[in-house]
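Trainee: Quick one: sequence plus predicted model below, questions after.
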Amino acid sequence: MSTEQTTPAGGFSYELTRTLDAPAVKAWRAWTTPEQYAQWAYAAPGSVEMDVRQGGAWKAMTVTPDGGRFPLTGSYLEVVENRLLVIGMDVPGKPEPAVMTVELDEQDDHRTQIVLRQTCDTAEDRDAAEQGSTMLLDSLNVFLADGARD
């Protein structure tokens with residue numbers, strides 16, 4: 001995995017890049033199918049709802065290893081099937097959503113490069129978001145390697 005952090009004038013950013021051992025269509029389904037997403041993204045069973053289209057809403061209840069539960073909500077800002085998700089994540093007390101970009105680039109029939117980007121308001125927020133995103137990508141990689149079902 002490669003990691004890059006920057007501090008542009010507009011905030012604190014990170015970028016994570018991985019090569020997944022799966023075609024883009026399988027990685028896409030893992031991100032956009034509630035049943036699959038719940039299996040690898042630390043979501044409570046039955047809590048994931050997704051309307052994967054520009055302007056569509058999503059929600060999930062994240063469960064931490066110690067049993068804590070955190071509701072997540074947002075919308076899809078841009079959707080290009082099997083290639084791009086721009087995801088808005090609602091942040092309590094903030095008028096604008098946090099934005100995460102997920103890009104998929106199929107390398108061949110069996111491998112896909114995934115690039116995840118996010119800009120945060122503070123270095124602390126960036127570090128926490130990057131840690132969470134790293135955990136997500138690790139879990140996604142294991143899920144796909146274990147033969148995610150279509």
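Mentor: Structure's in. What do you need?
Trainee: Tell me the spacing between residue 14 and residue 126.
Mentor: Taking CB to CB, to the nearest Å as the measure, residue 14 falls 6 Å from residue 126. Any C-beta I mention is one placed from the backbone N, CA and C, and that applies to glycine too.
Trainee: pretty sure residue 133 is in a helix, no?
Mentor: Yes - according to DSSP: H, G, I helix; E, B strand; the rest coil, the state of residue 133 is that of a helix.
Trainee: quick one: it and residue 16, what's the gap?
Mentor: Residue 133 sits 6 Å away from residue 16, going by CB to CB.
Trainee: so what sits against both of those two?
Mentor: Counting by CB atoms under 8 Å, 6 or more residues apart in numbering, the shared contacts of residue 133 and residue 16 are residue 116.
Trainee: Starting from the longest strand seen in the chain, tell me the next helix or strand along the chain.
Mentor: Criterion DSSP state E: the longest strand present in the chain is strand 69-80. Past strand 69-80, heading to the C-terminal end, the next element that is a helix or strand (DSSP states H and E) is strand 84-89.
Trainee: quick one: contacts of that following strand?
Mentor: For strand 84-89, the surrounding residues in contact (CB under 8 Å, 6+ apart) are 31-32, 52, 58, 72-79, 97-104.
Trainee: Give me the buried positions along that strand.
Mentor: If you call a residue buried by 16 or more other CB atoms under 10 Å, then strand 84-89 has these buried ones: 85, 86, 87, 88.
Trainee: What strands flank the helix or strand following it, and is each parallel or antiparallel?
Mentor: Proceeding C-terminally, strand 84-89 gives way to strand 98-106 as the next helix or strand, assigned by DSSP H and E. According to DSSP bridges, strand 98-106 has the following sheet partners: strand 84-89 (antiparallel), strand 112-120 (antiparallel).
Trainee: Let me have the ones you listed in a markdown table, extended by mean pLDDT and distance to residue 62.
Mentor: Formatted as a markdown table, the strands paired with strand 98-106 follow (pLDDT from 0 to 100; distance: least, CB to CB, whole Å):
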| stretch | mean pLDDT | distance to residue 62 |
| --- | --- | --- |
| strand 84-89 | 97 | 11 |
| strand 112-120 | 96 | 16 |
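Trainee: That'll do, ta.
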